[in-house]
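1. Next one to model:
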Amino acid sequence: MDQFAAFAPFQSLTPLDRRLATELGYGIMRNRARLDFYISRLAGRELQRIDGVVLWILRLGLYELEFLRTPDHAAVYESVDLARGFRKTSAKSFVNAILRGFSRQRPELPSGDSSGALAVRYSHPEWLVTRYLERFGAASTARLLERNNSNPLPLVRVNRFKTEVEAFRSLLDQEGIEHEIFPSVPDSLIIRHPAFSEHLLYKKGYCFFMDPASQQVAEWPDLAGLTRVGDLCAAPGGKASILAWRSRESATVHCSDVSPVRLRDMKKRAGLLEIPNLSYSVADLTQPAPFKPAFDFVLVDVPCTGLGTLRSNPDIRWKIQPSHLPRFHARQVAILRNAFDVIARGGRLLYATCSTEPEENEGVVEEFLAGEPKAALMRPYYRTFPQEHAGDCFFAAEIRHN
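-> The predicted model follows:
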């Protein structure tokens with residue numbers, strides 16, 4: 001929705017209006033294929049023949065009519081007014097006709113479990129739905145698509161370097177902020193607040209938002225007795241903070257990332273959180289690492305398509321194409337090989353992605369293991385799908401250097 005970026009600066013909005021703007025933006029991206037189906041049926045023409053700004057105005061109006069409690073007349077009026085505001089005066093009657101037509105009789109969505117029908121009803125690219133159907137079947141695919149279209153759990157990790165869980169809960173109670181313990185992950189709370197990231201308790205670094213599956217990746221390995229830990233694709237730093245807390249009595253954690261900017265932001269964030277015993281370096285792990293093979297344990301949460309995070313990042317489904325998977329795969333294999341080379345004998349590596357796709361997950365691990373006789377898989381893969389899980393779709397494999 002780049003066309004709307006300058007229409008109402010986000011930071012100038014009230015917290016309530018920010019929440020609405022976020023709902024509209026994320027909701028439209030989650031349901032874009034469904035909304036476009038309605039538009040094409042009501043307009044009787046291909047989407048390519050509709051002006052780009054007008055198309056986004058229609059998506060916005062239809063989203064309000066389909067998913068929000070906005071009265072029909074208000075949604076239509078606001079959309080027509082948007083067309084006027086963006087100097088699309090000639091499109092006002094077109095926008096009015098489409099939205100009023102939808103209010104009178106909504107086009108019927110396609111039924112059945114074909115990839116095409118599911119792609120429209122759940123608003124995912126058809127190529128991705130086809131892949132899900134081949135691996136998971138219709139019932140599990142529908143559950144995954146529903147999960148991708150739901151809101152992420154508003155989960156924070158309490159920063160134990162600055163406070164304790166019960167002390168932080170007392171602060172929340174004093175501020176009248178509704179919350180509850182999330183028992184599946186240590187030190188985690190579900191926060192019920194419309195703009196908690198803007199609250200002083202958050203800005204002071206008492207906690208940070210983090211998906212439960214992502215947290216569990218950092219909780220999965222045994223860190224007892226380790227002295228040298230590496231997080232080699234570390235930014236933005238959530239997992240590094242958990243590793244640092246879990247190994248605080250014995251280990252230092254070295255954080256590297258290919259991006260100097262992301263690493264600088266991570267270092268600033270770690271300062272706010274008051275995390276000790278972290279060191280940093282810029283490193284491109286697609287090339288041999290500039291480290292000695294001295295780590296007891298290494299985490300490599302590799303760059304990936306992010307197709308397991310479609311709840312939090314709904315636009316990814318429209319950006320990633322099948323042709324991207326081989327390129328990510330090659331890069332991930334290279335990172336895994338180079339990360340393995342910096343582990344001391346007897347050390348361990350945890351390979352992780354936030355992807356649903358086998359080319360990025362077991363395909364990478366199996367290719368690596370086939371070519372590295374000193375490596376061995378320690379236990380079954382960690383997955384958060386197809387089983388029920390509150391978090392995103394993560395994958396992890398723990399590998400030992402024999």
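
2. which ones are touching Val302?
-> Counting by C-beta atoms under 8 Å, 6 or more residues apart in numbering, Val302 makes contact with 233, 331-332, 335-336, 351-353, 360, 364. All C-beta atoms are positioned from the backbone trio N, CA, C, and that covers glycine.

3. Which two among these are spaced furthest apart?
-> The largest separation in the contacts of Val302, counting by C-beta to C-beta, is between Arg331 and Ala352 at 14.7 Å.

4. What residues of the helix or strand hosting Ser40 count as buried?
-> Here Ser40, judged by DSSP states H and E, is contained in helix 32-43. Within helix 32-43, the residues scored as buried using 16 or more other C-beta atoms under 10 Å are 32-39, 42-43.

5. just how off-centre is the next helix or strand after that helix within its chain?
-> On the C-terminal side of helix 32-43, the closest following helix or strand by DSSP H and E is helix 52-67. Helix 52-67 has its C-alpha centroid displaced from the chain centroid by 24 Å (C-alpha atoms, centre = their mean, to the nearest Å).

6. before we move on, what about stretch 371-386?
-> 23 Å.

7. Kindly report the same for stretch 270-282.
-> 23 Å.

8. Pull out the buried positions in that stretch.
-> 270, 273, 275, 278, 280.

9. Which of the helices or strands spans Ser184?
-> Using DSSP H and E, Ser184 falls outside every helix and strand.

10. how many other residues sit next to it?
-> When neighbours are defined as other C-beta atoms under 10 Å, Ser184 has 15 of them.

11. Excluding chain neighbours, what is closest to it?
-> Computed as C-beta to C-beta, 6 or more residues apart in numbering, the closest residue to Ser184 that is not its neighbour in sequence is Pro212, at 6.1 Å.

12. Where does Gly346 sit, in terms of helix or strand?
-> Going by DSSP H and E, Gly346 is part of strand 343-353.

13. Test my guess that Glu46 contacts Asp36.
-> No. If you go by C-beta atoms under 8 Å, Glu46 and Asp36 don't touch, sitting 10.2 Å apart.

14. Now do the SS call for Ile191.
-> Going by DSSP: H, G, I helix; E, B strand; the rest coil, the secondary structure assigned to Ile191 is strand.

15. tally of neighbours for it?
-> Residues near Ile191, counting by other C-beta under 10 Å: 21.

16. And Gly306, by the same measure?
-> The number of residues packed near Gly306 is 22, by other C-beta under 10 Å.
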